[in-house]
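> heads up, no residue letters with this:
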DNA sequence: GTCTATATGAGGATAGAC
DNA sequence: GTCTATCCTCATATAGAC
């Protein structure tokens, strides 16, 4: 796992490529970087191993590329979630709880993405710095920014009370999602739904004690 | 990495054993479970590989044993930190900031312990459930409990305001340490001291808005 | 797509040294 | 009877050759 700046080779049929990417996401997520063999990725993709090396320079480039795609997909999904819950909330507390639950657990088809993030954490010290940096800005950074925008709007509308929406967003993440995230080992182990809801609800209440409009 | 209930063999010279344990902690922490070879652990310990297998049944048992010791050492160290800062604080806010900084960064000789915890996260889904459970109760659980006890005392003395010290302890951890923890990839990458202090200070201020005596 | 070169790992076995 | 050194087997990996 040394720094490698070479871009992925852009050859081969795109249909194969998406199959490879999907398979790599699944297998890397399930096995971790070292354990995931290129053979098993090829099998999962119903593709020859040679085809993988035809599309990607080596195993590390494959991980990095899949990670980038995955990061974007999750960021978009989370931005949607945030918009859906905070665009025009009737019961703000309820919406915050629902949003918190959604953000704190690997969502529907996104389990592999969370697993990939675990791989980044495990490999962080061996990954090129640009990779970890760009993951943070393109991933959690975008989510945080979107939260902050909504909090600013809600504050202007008198639904929240903060003149530092960035900080409020950070505190929301910390109070509402971080414990569930840690408790489930970053989504690796299941957290009972009732426990999750209890954690999130307690977090939202604390958040509203800090930033709620009427208190 | 399957469940293994056999206890480690209690043979061999204790001096060798501590060398092995230290080496395993270092190498597992530096390389991760899969990458760390028993050969390299033996080299680091200046011990024959055969000797390792004389003391431990297999590689997994070695990890588990080292993890347990490491967990206790860190928990004790963190309990001491908490006592030192919260036993009789003059300037409570300053003490909370100092404590937060100390808790949020791998301390003096404990870098390898944090690295080991990263290994647990990476391997969580492949580890026996008792292992992850006991890590939580013997590690973070103890820290949290000690925090809660002090918060209860401080509350009784009128220095804080909470009748749920457990929850206050959770919120302290979340607000003060969780972001630094995530930002540094669980201690894998260095976080500039000024950034750390900024994060912790902001967290403590929010904590005191929630639980401070006079507000 | 299969086949191969090369390397590296776990864990056991054997030898001898103190 | 514990430790060291060395070799062995078997499995599995990457990456390239055919």
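On my side now, so go ahead. These numbers were taken from a predicted model, which means no experiment stands behind them.

> and the residue nearest the centre of chain A, what does it touch?
Centroid-nearest residue in chain A, with CA atoms, centre = their mean: residue A:74, separated by 5.0 Å. Taking CB atoms under 8 Å, 6 or more residues apart in numbering or on different chains as the criterion, residue A:74 is in contact with A:110, A:113, A:139. Glycine gets a C-beta too; all of them are placed from N, C-alpha and C.

> next, the buried residues of the helix or strand hosting it.
Taking DSSP states H and E as the criterion, the element that holds residue A:74 is helix A:59-86. When burial is assessed from 16 or more other CB atoms under 10 Å in any protein chain shown, helix A:59-86 yields the following buried residues: A:59-67, A:69-71, A:74-75, A:77-79, A:81-82, A:85-86.

> stretch A:141-156 now?
In stretch A:141-156, residues buried by neighbour count (16+ other CB under 10 Å) are A:142-152, A:154-155.

> can you check stretch A:14-25 too?
Burial within stretch A:14-25, assessed by neighbour count using 16+ other CB under 10 Å, is assigned to A:16, A:17, A:19, A:20, A:21, A:22, A:23, A:24, A:25.

> pLDDT of that stretch, averaged?
Stretch A:14-25 shows an average pLDDT of 91 in the prediction.

> how about stretch A:51-71?
Across stretch A:51-71, the average pLDDT comes to 94.

> one step back: what's the most distant pair in the buried residues of stretch A:141-156?
The largest distance within the buried residues of stretch A:141-156, taken as CB to CB, falls between A:142 and A:155 and amounts to 20.3 Å.

> can you list the residues of chain A near DNA strand C?
A:47, A:48, A:49, A:50, A:51 (CB under 7 Å from any atom of the strand).

> tabulate these (TSV), appending neighbour count.
Putting these into TSV (neighbours: other CB atoms under 10 Å in any protein chain shown) gives the following:
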residue	neighbour count
A:47	19
A:48	12
A:49	15
A:50	8
A:51	17
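
> nearest to residue A:213, of the residues you listed?
For the residues of chain A next to DNA strand C, the closest approach to residue A:213 (CB to CB) belongs to residue A:47, at 55.1 Å.

> what strand or helix carries the closest one?
Here residue A:47 sits in a region with no helix or strand, counting by DSSP H and E.

> need the pLDDT of it.
Taken from the predicted model, the pLDDT recorded for residue A:47 is 94.

> same check, this time on residue A:1
52.

> do the same with the one 3 residues further on
At residue A:4, the model reports a pLDDT of 44.

> which stretches of chain A aren't confidently modelled?
A:1-12, A:108, A:214-215 (pLDDT under 70).

> end-to-end on stretch A:30-39?
From its first residue to its last, stretch A:30-39 covers 14 Å (CA to CA, to the nearest Å).

> can you pull the buried residues of that stretch?
Using 16+ other CB under 10 Å as the burial criterion, the residues of stretch A:30-39 that qualify are A:30, A:31, A:32, A:33, A:34, A:36, A:38.

> got the residues of chain A near DNA strand D?
Checking chain A against DNA strand D by CB under 7 Å from any atom of the strand, the hits are A:35, A:36, A:37, A:38, A:39, A:40, A:49, A:50, A:53, A:58, A:59.

> same list, these, but only the ones touching chain B.
Taking CB under 8 Å from any CB of the partner chain as the test, chain B is in contact with residue A:35 out of those.

> among the residues of chain A next to DNA strand C, which pair sits farthest apart?
Looking at these by CB to CB, the two members farthest from one another are A:47 and A:50, with 8.8 Å of separation.

> where do the helices of chain A begin and end?
A:14-31, A:38-44, A:49-55, A:59-86, A:92-104, A:111-123, A:129-138, A:140-156, A:165-172, A:179-183, A:193-211 (DSSP state H).

> now the fifth one: how far from the chain's centre is it?
Between the mean C-alpha point of helix A:92-104 and the mean C-alpha point of its chain there is a distance of 16 Å (CA atoms, centre = their mean, to the nearest Å).

> is it anywhere near chain B?
No - on the criterion CB under 8 Å from any CB, helix A:92-104 is out of touch with chain B, staying 12.2 Å away.

> what sits against residue A:173?
The contact partners of residue A:173, by CB under 8 Å, 6+ apart, come to A:143, A:144, A:147, B:179.

> what sits closest to the second one if chain neighbours are left out?
Right, residue A:144. Closest residue in space to residue A:144, ignoring its immediate chain neighbours: residue A:169 at 5.1 Å, by CB to CB, 6 or more residues apart in numbering or on different chains.

> please apply the same query to residue A:195.
For residue A:195, the nearest residue in space outside its immediate sequence neighbours is residue A:183; the separation is 7.6 Å by CB to CB, 6+ apart.

> what about that neighbour, how many residues nearby?
By the other CB atoms under 10 Å in any protein chain shown criterion, the neighbourhood of residue A:183 contains 16 residues.

> residue A:157 too?
Residue A:157 sits with 10 neighbouring residues when counted by other CB under 10 Å.

> next one: the one 3 residues further on
Here the neighbour count serves as a burial measure; for residue A:160 (other CB under 10 Å) it reads 22.

> and for the one 4 residues further on?
The tally of other residues near residue A:164 (other CB under 10 Å) stands at 15.

> so who does it touch?
Contact partners of residue A:164, counting by CB under 8 Å, 6+ apart, are absent.

> from DNA strand D, how far out is it?
Here residue A:164 is placed at a distance of 46 Å from DNA strand D (CB to the nearest atom of the strand, to the nearest Å).

> get me the contact residues on chain A for chain B.
Looking at chain B, the residues of chain A close enough under CB under 8 Å from any CB are A:32, A:34-35, A:118-125, A:129, A:132, A:136, A:140, A:167, A:170-171, A:173-175, A:178-179, A:182-183, A:185-186, A:188-189, A:202-203, A:206, A:209-210.

> just how off-centre is stretch A:53-61 within its chain?
Taking CA atoms, centre = their mean, the mean C-alpha location of stretch A:53-61 is offset from the chain mean by 24 Å.

> that one spans what distance, first to last residue?
Distance across stretch A:53-61, first residue to last, is 10 Å (CA to CA).

> next one: stretch A:37-56
End-to-end distance of stretch A:37-56: 14 Å, with CA to CA as the criterion.

> what about the nearest residue to residue A:81 once chain neighbours are set aside, how many residues nearby?
Sequence neighbours aside, residue A:102 is the residue nearest to residue A:81 in space, at 5.2 Å (criterion: CB to CB, 6+ apart). By the other CB under 10 Å criterion, the neighbourhood of residue A:102 contains 18 residues.
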